[in-house]
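J.: Sequence first, then the predicted structure, then my questions.
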Amino acid sequence: MTLASPRTKNNHNCLFTERRILLCCAPYKESIGVEAAWRTRIRDGDRLCTECVPRGACKFGVSVLAFDDAAQHMRSTILCPAAYEGGPGVAHGGWVCAALDEVLGQTVMEYHARVVTANLSVDFRLPVPVGEALTGHAWIDALDGRKVRATGELRLAASDAVLARATGLFIIIDPAHYVRHADWLAQQKVTGGTA
Ligand SMILES: CCCCCCCCCCCCCCCC(=O)SCCNC(=O)CCNC(=O)[C@H](O)C(C)(C)COP(=O)(O)OP(=O)(O)OC[C@H]1O[C@@H](n2cnc3c(N)ncnc32)[C@H](O)[C@@H]1OP(=O)(O)O
């Protein structure tokens, strides 16, 4: 299997709006502790989920993203919001999955195309503290036609301890994906799923 070069992005990237990529943006690099080889990017709504666009921030607390193009590796800063507390002081597992889905998905979309998650497998290694600085790491494992495989980790920023790890399968979609879904849903309501 060969990995597509980040320099030869495919046509699916036309789905993205123009991105503001900040090269060597010192305040953001410092906030995530990235070295010179990394570039950083501020979200501007081009790659936020639909409900997060008006807010201009990820509801799951995933923020500054930094990319190492040579390794196709992404880092982000993450804070579990209080709303996603599960056990006392620790994150609900559903939030852990969502945060990992986000960091893997962002990485795949940075280096390949608009995708949806087809499969996500999460190992919960340690409880994840709410309100503590975390980092997300993700990298591309393989590209095979429309299928992109990626791995990611959620770590405690203070020590780099790995709290959770996920592998994901993402499928490249075409622009009609959501239109087809709306049509399918409407049809289900008409036929009750019998047609
Ligand atoms: C939330 C969206 C935001 C968008 C705005 C951007 C905002 C920026 C956010 C940045 C980060 C966000 C990241 C979150 C991303 C999500 O969370 S997306 C939401 C959750 N996921 C979904 O809703 C997907 C639901 N499933 C589907 O729509 C369809 O099943 C799929 C995945 C599109 C596949 O359907 P299809 O296009 O008909 O393709 P199909 O031929 O079935 O499969 C293609 C290939 O994949 C394989 N495959 C498919 N599914 C599987 C599977 N589960 N296991 C193994 N193989 C599989 C098939 O076997 C086939 O293999 P080949 O035969 O080619 O070898």
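T.: Arrived safely.
J.: got the contact list for stretch 163-181?
T.: 12, 15, 96-97, 100-101, 104-105, 108, 112-128, 134, 141, 146-156 (C-beta atoms under 8 Å, 6 or more residues apart in numbering). Heads up, the C-betas are built off the backbone N, CA and C, glycines and all.
J.: That stretch: which residues count as buried?
T.: 163-173 (16 or more other C-beta atoms under 10 Å).
J.: and the helix of greatest length in the chain, C-alpha only, in PDB?
T.: The longest helix of the chain (DSSP state H) is helix 93-111. Below are the C-alpha coordinates for helix 93-111, written out as PDB (Å, rounded to 0.1, in the frame of the first residue of the first chain):
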ATOM      1  CA  GLY A  93     -16.100   7.000  27.400                       C
ATOM      2  CA  GLY A  94     -18.300   8.400  24.800                       C
ATOM      3  CA  TRP A  95     -16.400  11.700  24.900                       C
ATOM      4  CA  VAL A  96     -13.100   9.800  24.600                       C
ATOM      5  CA  CYS A  97     -14.400   8.100  21.400                       C
ATOM      6  CA  ALA A  98     -15.600  11.500  20.100                       C
ATOM      7  CA  ALA A  99     -12.300  13.200  20.800                       C
ATOM      8  CA  LEU A 100     -10.400  10.400  19.100                       C
ATOM      9  CA  ASP A 101     -12.700  10.400  16.200                       C
ATOM     10  CA  GLU A 102     -12.100  14.100  15.800                       C
ATOM     11  CA  VAL A 103      -8.300  13.900  15.900                       C
ATOM     12  CA  LEU A 104      -8.100  10.900  13.600                       C
ATOM     13  CA  GLY A 105     -10.700  12.500  11.200                       C
ATOM     14  CA  GLN A 106      -8.900  15.800  11.200                       C
ATOM     15  CA  THR A 107      -5.700  14.100  10.300                       C
ATOM     16  CA  VAL A 108      -7.200  12.100   7.500                       C
ATOM     17  CA  MET A 109      -9.000  15.100   6.100                       C
ATOM     18  CA  GLU A 110      -5.700  17.100   6.200                       C
ATOM     19  CA  TYR A 111      -3.800  14.600   4.200                       C
END
